[in-house]
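Asks: Here is my input, please return the structure:
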Amino acid sequence: MSKFTFIIIALLFWFNSCADSPREYSPYTIYSSNKRYFAQIDFKSSIEDSYKEVWDRNWQVSVFTSDSNLFWRKNYSPKGYQEESLSDDGKQLVYIEAYYTKEFPLVYVSSKDHPDFMLKESDLLFTNLFHKRTSSHELWHSASIFNNDVLTIETNEGIIWSVNLANHTVSISGLSNWLVIVLLISISLIVLFCIRKRIAKIVFRLH
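Replies: The predicted structure is shown next:
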């Protein structure tokens with residue numbers, strides 16, 4: 001093998017490793033970490049809409065106990081990556097989009113006892129300075145912890161978000177990036193300075 005051929009093959013392997021995985025729509029199964037529940041994500045009907053593209057067909061999620069008894073079932077829209085997480089109590093199915101986008105939700109939650117909901121870019125605080133780039137996308141979060149009704153997500157900015165899946169509230173539970181901390185403090189000081197200056201002008205006019 002010539003040196004030129006070896007370089008070409010190496011480059012092809014490198015480009016393939018950098019490329020984003022294509023979305024795949026086929027039925028699949030997700031297990032809770034304690035293996036007490038599993039979720040089957042499948043077509044809702046195999047006949048009525050079988051002529052449609054797989055991503056346009058009607059899908060559903062069916063959650064079963066470990067002995068295959070149906071726990072709950074809902075309509076569902078798979079995202080093309082089989083990366084959902086099922087809570088240990090079997091009541092919450094969460095999908096976190098790996099790629100950052102302004103157009104589509106970043107977090108999807110399907111729940112047994114609560115209405116389904118999602119989080120968009122506007123629901124979270126982003127600076128976009130710390131996103132990791134792939135060949136065609138941006139990766140926006142570095143870690144997530146799922147504990148039944150509470151989802152914790154750490155973004156690449158170092159902001160730790162706590163999402164209450166029961167009442168659909170989102171709050172900042174911590175900061176792990178000192179640059180972000182300094183940035184937020186600086187913004188707060190600037191806002192306070194502007195408010196103080198505004199109040200001083202009003203007081204001056206009153207006198």
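
Asks: Just say helix, strand or coil for the closest residue to residue 33 other than its chain neighbours.
Replies: Excluding the flanking residues, the one nearest residue 33 by C-beta to C-beta, 6 or more residues apart in numbering is residue 88, at 6.0 Å. (C-beta placed from N, C-alpha, C; glycine too.) Counting by DSSP: H, G, I helix; E, B strand; the rest coil, the backbone at residue 88 sits in coil.

Asks: so residue 88 makes contact with residue 35?
Replies: No: using C-beta atoms under 8 Å as the test, residue 88 is too far from residue 35 to be in contact (9.3 Å).

Asks: Could you check which of the two is surrounded by more residues?
Replies: Taking other C-beta atoms under 10 Å, residue 88 and residue 35 do not tie; residue 88 has more neighbours (15 against 9).

Asks: Now do the more buried one against residue 32, distance only.
Replies: 5 Å (C-beta to C-beta, to the nearest Å).

Asks: now do residue 193
Replies: Counting by C-beta to C-beta - residue 193 and residue 32 are separated by 50 Å.

Asks: Which one's more surrounded, the two?
Replies: Neighbours around residue 193 and residue 32, counted as other C-beta under 10 Å, are more numerous at residue 32. The numbers are 22 against 10.

Asks: Could you pull up the residues touching the most centrally placed residue in the chain?
Replies: With distances taken as C-alpha atoms, centre = their mean, residue 96 lies nearest the centre of the chain, 2.5 Å away. Contacts for residue 96 (C-beta atoms under 8 Å, 6 or more residues apart in numbering) come out as 83, 85, 106, 107, 141, 144, 153.
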